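Student: test case, fold it:
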Amino acid sequence: MQIDLVFTHIPITDEKLSDRTVVMVDVLRTSTTICVALANGAKEIIPVDGVPAAMQLLGNLSRDNVLLCGEKEGKLIEGFDLGNSPSDYETEIIKGKSLIFNTTNGSVALTKMKTAKSAIVCSFVNITACAEFIAGKDDHILIVCAGNNRQFNLEDAVCGGMLVNILQKKIGREMEMNDGTEAATIIYHKYKDKCLQMLKHSFHGKYLMSLGLGKDLNFCAKIDSCNFVPVYSEGVVKLDMH
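Tutor: Below you'll find the predicted structure:
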């Protein structure tokens, strides 16, 4: 198995994806919020790459069954129904609804994966389920860390390294890795027993705490609180039902 990792979505192009299973990682907070939303009954999540795209899509759908969700620079977008805090995605609010989802990093990364052989969403909260999904394939795997404003971030690298570590144990054979994968595994081993501490130490974690969103870090640090894999296909994210 070949497993590559990139630290931001910037290098991703269509031709790099057609024969690969792609894993999108955005720990703070898109990947985590997607998992929570689907666990709490959202019908589907439709990632978009900007507010104009979100508003255009909304115009084509029935407003009764659709929520506008997301953030810009960590903050709720004016006119949107929900931000990007996992705790906001309660069953009574989102059950059975389609969520148009626009975030600074994660949703943009997802929209670039339309040509992938398959694409899934991974965070600490569903990391073992994602490892099991990947272990059953014999594909070229690409882990895409969403990063923070087009740059490296610590939490996505640690999550990517954890995913690789779990995979190594599950498949029980050597994997070919690029330098990004090797680096992520090294970073992971530094923080493997300190996820919440790492999130609070990270640049983006500190930023979220400065916005009064420190509780989100607790949600995002809950390893394996979800046991399913969100799959991105044909422009929407739904639960893997296989």
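Student: grab the nearest non-local neighbour of the residue nearest the centre of the chain.
Tutor: Ranked by distance to the mean C-alpha position of the chain (CA atoms, centre = their mean), the top residue is residue 31 at 2.7 Å. Closest residue in space to residue 31, ignoring its immediate chain neighbours: residue 123 at 3.6 Å, by CB to CB, 6 or more residues apart in numbering. For every residue, glycine as well, the C-beta is placed using N, CA and C.
Student: returning to that earlier point: next one: the residue nearest to the centre of the chain from residue 98, what distance?
Tutor: With distances taken as CB to CB, to the nearest Å, residue 31 is found 19 Å from residue 98.
Student: just residue 116 next, same as before
Tutor: Residue 116 sits at a distance of 22 Å from residue 98 (criterion: CB to CB).
Student: and if you look at residue 191?
Tutor: Using CB to CB, residue 191 is found at 36 Å from residue 98.
Student: repeat for residue 83
Tutor: With CB to CB as the criterion, residue 83 and residue 98 are 17 Å apart.
Student: buried ones in the helix or strand that contains residue 189?
Tutor: According to DSSP states H and E, residue 189 maps onto helix 179-191. Residues of helix 179-191 classed as buried: 180, 181, 183, 184, 185, 187, 188, 191 (neighbour count, 16 or more other CB atoms under 10 Å).
Student: any chance of these in CSV with distance to residue 78 and pLDDT as columns?
Tutor: Formatted as CSV, the buried residues of helix 179-191 follow (distance: CB to CB, whole Å; pLDDT from 0 to 100):
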residue, distance to residue 78, pLDDT
180, 37, 98
181, 40, 98
183, 39, 98
184, 36, 98
185, 41, 97
187, 36, 98
188, 38, 98
191, 36, 96
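Student: the helix ranked longest in the chain vs helix 179-191, what angle?
Tutor: Of all the segments of type helix in the chain, defined by DSSP state H, the longest one is helix 154-171. If you take axes from the mean of the first three to the mean of the last three CA atoms, to 10 degrees, helix 154-171 sits at 100 degrees to helix 179-191.
Student: now do helix 154-171: distance to the chain's middle.
Tutor: Mean-position distance between helix 154-171 and its chain equals 14 Å (CA atoms, centre = their mean, to the nearest Å).
Student: can you check stretch 164-176 too?
Tutor: On the basis of CA atoms, centre = their mean, stretch 164-176 sits 21 Å off its chain's mean C-alpha point.
Student: go on, stretch 170-178?
Tutor: With CA atoms, centre = their mean, you get 23 Å for stretch 170-178.
Student: give the buried residues for it.
Tutor: 171, 177.
Student: mind listing what the residue lying closest to residue 192 once chain neighbours are set aside touches?
Tutor: Spatial nearest neighbour of residue 192, excluding adjacent residues (CB to CB, 6+ apart): residue 162 at 6.8 Å. Contacts for residue 162 (CB atoms under 8 Å, 6 or more residues apart in numbering) come out as 124, 127, 188, 192.
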